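In: model the following, please.
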Amino acid sequence: MKKLMVCLLAVTFAVSLTAFAQQGNNASQDNNMAQTQADQAAAKAPLMTLKGTVKAEGDKVVFVSDKDGKSWDVMNPEELKGHEGHHVQLSAHVYADKMSVHVMSVKMLKGGDSMKNDSMSK
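Out: Predicted coordinates:
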């Protein structure tokens with residue numbers, strides 16, 4: 001009788017380990033799926049170089065393109081903090097369907113830092 005109980009306990013333990021391993025595998029598959037979706041979203045939003053002006057409208061930050069004058073919502077406005085009113089060059093993922101950009105890097109352009117020069121001369 002003891003042998004039967006030990007065998008039954010061992011089988012139960014083995015089955016529970018198998019179920020736990022499958023659950024962990026599903027979690028990694030979910031992470032892989034989320035990463036794939038993020039990659040697909042990035043593919044739909046190509047990385048582009050844009051030149052224009054940063055404008056603050058209340059607590060909302062927008063980027064106005066030099067090329068066509070279009071106004072783009074900025075998905076991560078913290079990247080442009082301190083550049084309000086400046087002429088900049090952005091490297092950003094452009095979501096044309098949402099009229100928004102996700103800024104990857106920002107670079108000041110010459111002629112766009114006149115506000116900074118004015119404040120230093122005072």
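In: show me the strands in this structure, by range?
Out: Listed in chain order, the strands of the chain (DSSP state E) span 47-57, 60-65, 71-74, 87-95, 100-108.
In: identify each buried residue in the shortest one, please.
Out: Along strand 71-74, the positions that meet the burial threshold by neighbour count (16 or more other CB atoms under 10 Å) are 72, 74. Bear in mind the C-beta positions are built from the backbone N, C-alpha and C, glycine included.
In: residues contacting that strand, please?
Out: Applying CB atoms under 8 Å, 6 or more residues apart in numbering, the external contacts of strand 71-74 come out as 54-55, 60-65, 80, 94, 98-101, 103.
In: most neighbours out of these, which is it?
Out: For those, counting by other CB atoms under 10 Å, the largest number of neighbours falls to residue 101: 27 neighbours.
In: where in this protein is pLDDT low?
Out: 19-43, 111-122 (pLDDT under 70).
In: what about the closest residue to residue 109 other than its chain neighbours, distance to residue 99?
Out: When the adjacent residues along the chain are set aside, residue 109 lies closest to residue 87, with 4.7 Å between them (CB to CB, 6 or more residues apart in numbering). Plainly put, residue 87 is 21 Å away from residue 99 if you go by CB to CB, to the nearest Å.
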